[in-house]
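Undergrad: Predicted structure and sequence below. I'll ask about it afterward.
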Amino acid sequence: MIAIIDYGMGNLRSVEKALELLGYPVEVTSDPMRVSQAKGVILPGVGAFADAMKNLTEKKLVPVIKETVAAKKPFLGICLGLQLMFTESEENGIYEGLDIFRGRVKRIPAGAKVPHMGWNQITIQKESTILTNIPSGSNFYFVHSYYVDPEDKEIITTTTEYNNIFTSICSEGNTFGIQFHPEKSSRLGLEILKNFGQLVMEVEQV
């Protein structure tokens, strides 16, 4: 089972429907026990960083998220979910994140329309399981006002240009974070979710 974490923020149903369409068993849950029992975990999110961390903390989901990553289970953060994986955010102040990836969440620099909304290309910087059958230059759907700035440049998997060049996918082992919305990105977005689901199935069989 793939658990989609419900912490009161995020486009949960769209992600759930996309995975169901692909044939993967999925459950939307806010129960830490159910998350811990899952073979793969997705952390989606839309909204403010501080509110999201507050909700995750109140629902006692922070420890199980960190345990999932430490156990090397497949884990995927989407949009705000990616940003929450970082050490801290400067959105409306300085707030601590999950610290799965070292680095800071920063506002898109002045000079570009914010939020960054619509289709944009990714440029692949390193190979990753999540990018199987995804060519460099593929377009995906973005909606965000902040971006991640990793300390460890080795986790940068794809970049995207919007006024500046920012990281659009991070990956390390079975841990992935995506700035765009695969569930809103048509065929190639489904391909990314398929790659994640396939990884969950393969890890389960080992």
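TA: Nice, thanks for sending it over.
Undergrad: use CA for all of it now, contacts and neighbours both
TA: OK.
Undergrad: Any idea what the residue nearest to the spatial centre of the chain is bridged to?
TA: Nearest to the mean C-alpha position of the chain, counting by Cα atoms, centre = their mean, stands G77 at 2.1 Å. On the basis of DSSP bridges, G77 is bridged to L43, G177.
Undergrad: Look up how far G137 lies from it.
TA: 22 Å (Cα to Cα, to the nearest Å).
Undergrad: okay, and for the protein, where does confidence drop off?
TA: Within the chain, the segments meeting pLDDT under 70 span 204-206.
Undergrad: name the helices or strands packed onto the longest helix seen in it?
TA: Ranked by number of residues, the top helix in the chain under DSSP state H is helix 186-205. Judged by 3 or more Cα pairs under 8 Å, 6 or more residues apart in numbering; DSSP states H and E, the packing partners of helix 186-205 are helix 12-21.
Undergrad: buried ones in the next helix or strand after the helix it packs on?
TA: Note on helix 12-21: by DSSP states H and E, the next helix or strand toward the C-terminus is strand 26-29. For strand 26-29, burial by neighbour count (16 or more other Cα atoms under 10 Å) applies to 26-28.
Undergrad: In JSON lines, list those residues along with distance to H116.
TA: Output for these, formatted as JSON lines (distance: Cα to Cα, whole Å):
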{"residue": "V26", "distance to H116": "30"}
{"residue": "E27", "distance to H116": "30"}
{"residue": "V28", "distance to H116": "28"}
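Undergrad: With respect to S186, which of the residues you listed is nearest?
TA: Ranked by distance to S186 (Cα to Cα), the buried residues of strand 26-29 are led by V26 at 19.7 Å.
Undergrad: beta partners for the closest one?
TA: Bridge pairing for V26 (DSSP bridges) gives the partners I2.
Undergrad: M117 too?
TA: Counting by DSSP bridges, the residues bridging with M117 are V143.
Undergrad: quick one: it from F140, how far?
TA: Counting by Cα to Cα, the gap from M117 to F140 is 11 Å.
Undergrad: One more: G103?
TA: Remark: distance between G103 and F140 (Cα to Cα) = 24 Å.
Undergrad: just P109 next, same as before
TA: 21 Å.
Undergrad: ok, those two, which is more surrounded?
TA: F140 (21 against 14; other Cα atoms under 10 Å).
Undergrad: my guess is the more buried one meets S185, correct?
TA: Yes. Between F140 and S185 there is a contact under Cα atoms under 8 Å: 5.1 Å.
Undergrad: In this structure, what residue spans correspond to strands?
TA: Assigned by DSSP state E, the strands in the chain fall at 2-5, 26-29, 40-43, 75-78, 86-89, 95-96, 101-107, 116-121, 123-124, 139-144, 146-150, 156-162, 164-172, 175-178.
Undergrad: what are the pairing partners of the fifth one, and which direction each?
TA: It refers to strand 86-89. Partners of strand 86-89 in its sheet, by DSSP bridges: strand 95-96 (antiparallel), strand 101-107 (parallel).
Undergrad: can you name the farthest residue from the center of the protein?
TA: Distance to the chain centre peaks in the chain at G111, reaching 26.0 Å (criterion: Cα atoms, centre = their mean).
Undergrad: How about that one: what's its closest non-neighbour residue?
TA: Spatial nearest neighbour of G111, excluding adjacent residues (Cα to Cα, 6 or more residues apart in numbering): N163 at 6.9 Å.
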